[in-house]
Structure formats: C-alpha cells, structure tokens
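Participant: Sequence first, then the predicted structure, then my questions.
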Amino acid sequence: MGHRTIRNHCLSACAALAALLLPVQAQAWGFYAHTVTADIALENVRPDTRAEIDRLLEAAPMLGTPECDLDSLQDASVWPDCLRGQYWRWGHTFAWHYQTEPVTEEYDARKNCSGLGCVSAQVERNQRILADESLPDNVRVEALAFLVHFIGDIHMPLHSGDHDDRGGNDREAAYGIVPGLNLHWVWDGPLAERAISGDPPIARRYGAAERAELAGGKAADWGRESWQIARDFIYPETFGCDPCEGELPRETALSQELIERSAPIARRRVLQAGLRMAEYLDRAFEPGPLPEEDRD
C-alpha cells in the first residue's frame with residue numbers, strides 16, 4: 001500500500017470518527033472533503049502552476065497564523081476555517097463562506113452579497129488578487145488559501161440553498177442510526193466522507209472529455225447549481241414534501257436509502273470543486289492580469 005493510499009485511509013477514518021463524535025455546527029465540506037478537493041486540483045493543474053503554488057506557500061509565515069498550518073494546498077483548503085478561532089482578527093471574513101438563498105424564491109446571484117460579502121464574490125475577488133503579479137507574495141498566498149477553500153464551500157449545496165434554517169444548521173437530523181446531528185452537518189461530514197471514500201479513487205488525473213463534462217463555469221453558476229440541488233433534492237427528499245408548501249419540521253432523519261441516493265450527488269460536487277479549482281488556479285498563474293471579461 002502506497003504512502004498516499006495510507007494517508008487517504010487515515011484521513012477517511014478520522015473524518016468518519018469526527019462526523020460521529022462532533023455534531024457541532026459544520027464548516028463546509030468538513031476537513032476531509034476540503035483536502036480532497038485540493039488533491040483533485042493538484043492532480044489536474046499544469047506543472048508550472050504546481051511549482052508556483054509551492055513557491056507562494058513559502059510566504060505563508062508572513063501571514064502570522066502559526067496555529068493554522070499553511071504548508072501545502074491541502075492546508076490551504078482548510079486554513080480559512082482554522083481562522084474561526086481568531087474572531088478579533090478574521091471575523092470580517094466569516095460571512096464570505098456562504099451565500100444562502102431561500103429555496104422558496106428565485107435564485108439571485110447578487111442577493112445577500114453587499115460589499116462582496118459572500119462566497120461567490122470572494123471566489124472571483126481572490127482569484128484576481130492571486131493573479132496580480134504586482135502584489136507581494138504574502139497577499140497572494142492569502143488569496144490562494146481563500147480561493148481554494150471558497151471553491152469548496154460554494155459547491156456544498158447547503159451553503160447556497162436555505163429554508164430559514166441557516167442552510168440546515170437549525171434542523172436536527174439523524175444520519176441513519178446516528179442521532180443528534182443537523183442537516184447541514186450531515187452533508188458536510190458523514191455523507192461527504194462516504195461519497196468520496198473507497199474505490200474508484202476520486203483524486204486522479206481526468207481526461208479532457210471528463211473535464212469538459214464536469215468543470216467550467218464561474219462562481220455564480222456554481223452557486224446556482226448548489227441552490228438547485230438544495231431546492232430540488234435535499235429539502236423535498238429529506239422532508240418528503242415540497243419545501244415551498246408550509247413549514248418544515250425542525251427534526252428529521254436520513255434513511256439508508258436516502259443516504260445511498262444522496263452520496264453520488266455529494267461526490268459529484270466534490271469532484272466538480274476540485275476540477276474547477278484546477279481551472280481557476282491555472283488561469284490565475286498565466287502571465288499577466290486576468291482579462292477584464294472574466295470579471296462579474
């Protein structure tokens with residue numbers, strides 16, 4: 001068994017244990033799924049992009065966050081969540097992780113995003129900062145970490161879809177026989193971990209046809225996709241009713257059958273996040289600034 005395989009098995013086991021023992025308010029996709037998006041991206045970026053990522057990461061100590069590792073792209077994918085322990089310094093970034101839109105209303109990519117204070121705007125903003133070669137490396141490496149993390153966040157459906165419950169955080173949910181979680185945490189933790197573990201491995205090099213089918217688009221498009229999954233699948237399938245018709249119960253349980261139908265959706269979202277991350281990183285490290293037409 002190779003080193004990477006052993007590492008992935010260990011991460012999978014730790015993620016599963018954390019999902020069962022720590023039913024706290026979730027951080028999008030959880031540790032394991034975020035790092036897997038980074039693994040997918042690294043398998044699919046150009047070699048010169050990988051080299052530039054490694055070079056920029058050498059500036060990480062200048063950010064002054066020694067308690068939050070930032071030595072690899074995997075570290076970068078979870079670094080913004082580590083900052084939650086320093087509200088006094090980083091509290092202004094906490095609203096950047098999501099952009100919940102009611103599943104009972106039409107989606108509006110500009111709603112709930114005043115002053116770029118939402119995940120879709122921050123994906124585009126941080127890619128532009130990362131691409132600006134005139135900026136110092138400490139500014140660009142911070143943008144790198146925010147970019148890869150937020151690309152993961154925006155692909156988690158309950159960071160876009162909402163039913164007056166903070167993206168499912170306020171609805172208690174059992175995961176099969178495991179009680180005491182909430183709907184958001186189920187999709188963040190045990191469901192995502194199940195979806196991306198085992199064979200075939202999700203972190204690999206993908207061919208052009210696969211990437212054409214799975215990748216592409218911009219942050220606003222990805223947010224709409226997540227919102228549609230919440231509207232068309234998560235809420236109606238979890239609660240057995242149209243979310244637009246009346247109040248939903250505050251407690252529910254995901255059956256084994258529903259878990260099995262949900263896992264391929266979660267797996268696809270993690271895969272899309274990783275491949276789109278690779279595209280955004282390759283584009284950011286091309287010579288010169290991003291073209292103006294890439295701006296929303």
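Facilitator: That came in fine, so what should we check first?
Participant: Please, where are all the strands along the stretch 101-250 of the chain?
Facilitator: Secondary structure of the stretch 101-250 of the chain (DSSP state E, counting those that start in this stretch): strands at 101-102, 161-162, 172-175, 178-182.
Participant: Averaged pLDDT, the last one. What do you get?
Facilitator: Regarding strand 178-182, the rounded mean pLDDT is 93.
Participant: Could you list the buried residues of that strand?
Facilitator: Neighbour-count burial for strand 178-182 flags 178, 181, 182 (criterion: 16 or more other Cβ atoms under 10 Å). C-beta: built from backbone N, CA, C; applies to glycine.
Participant: what stretches of the protein score poorly on pLDDT?
Facilitator: 1-29, 293-296 (pLDDT under 70).
Participant: Show me what the longest helix along it is packed up against.
Facilitator: Longest helix in the chain, counting residues (DSSP state H): helix 256-284. Secondary-structure packing of helix 256-284 (3 or more Cβ pairs under 8 Å, 6 or more residues apart in numbering; DSSP states H and E): helix 30-44, helix 47-57, helix 119-131, helix 137-154, helix 190-196, helix 208-214, helix 219-229, helix 235-239.
Participant: Just give the nearest non-adjacent residue to residue 59, would you?
Facilitator: Excluding the flanking residues, the one nearest residue 59 by Cβ to Cβ, 6 or more residues apart in numbering is residue 137, at 3.7 Å.
Participant: any idea how far residue 94 is from the spatially most central residue of the chain?
Facilitator: Taking Cα atoms, centre = their mean, the centroid of the chain lies closest to residue 152, which sits 1.9 Å from it. The spacing between residue 152 and residue 94, counted by Cβ to Cβ, to the nearest Å, is 16 Å.
Participant: repeat for residue 80
Facilitator: Applying Cβ to Cβ, the value for residue 80 to residue 94 is 9 Å.
Participant: Give the residue from the two that has the larger number of neighbours.
Facilitator: residue 80 (27 against 14; other Cβ atoms under 10 Å).
Participant: What residues of stretch 227-234 count as buried?
Facilitator: 227, 229, 230, 231, 233, 234.
Participant: mind exporting it as CSV, just the C-alpha atoms?
Facilitator: Only the C-alpha atoms of stretch 227-234 are listed here, as CSV (Å, rounded to 0.1, in the frame of the first residue of the first chain):
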residue,chain,number,x,y,z
TRP,A,227,-29.1,26.1,-4.7
GLN,A,228,-30.9,23.9,-7.2
ILE,A,229,-29.7,20.7,-5.5
ALA,A,230,-31.0,22.1,-2.2
ARG,A,231,-34.3,23.1,-3.7
ASP,A,232,-34.9,20.1,-6.0
PHE,A,233,-33.4,17.3,-3.9
ILE,A,234,-32.2,17.9,-0.4
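Participant: tell me how far that stretch is from the chain's mean position?
Facilitator: From the chain centre to the centre of stretch 227-234 is a distance of 16 Å (Cα atoms, centre = their mean, to the nearest Å).
Participant: What is the neighbour count of the nearest residue to residue 70 once chain neighbours are set aside?
Facilitator: Spatial nearest neighbour of residue 70, excluding adjacent residues (Cβ to Cβ, 6+ apart): residue 60 at 3.9 Å. For residue 60, the count of nearby residues is 24 (other Cβ under 10 Å).
Participant: can you pull the contacts of residue 60?
Facilitator: 70, 71, 141 (Cβ atoms under 8 Å, 6 or more residues apart in numbering).
Participant: and the buried residues of stretch 227-234, which two are the farthest apart?
Facilitator: 227 and 233 (11.1 Å; Cβ to Cβ).
Participant: which residues do those two both contact?
Facilitator: residue 157.
Participant: Buried only: go through the contacts of residue 60 for me.
Facilitator: 70, 141.
Participant: wait, doesn't residue 127 sit right on residue 144?
Facilitator: No. Taking Cβ atoms under 8 Å as the definition, residue 127 is not a contact partner of residue 144, at 9.4 Å.
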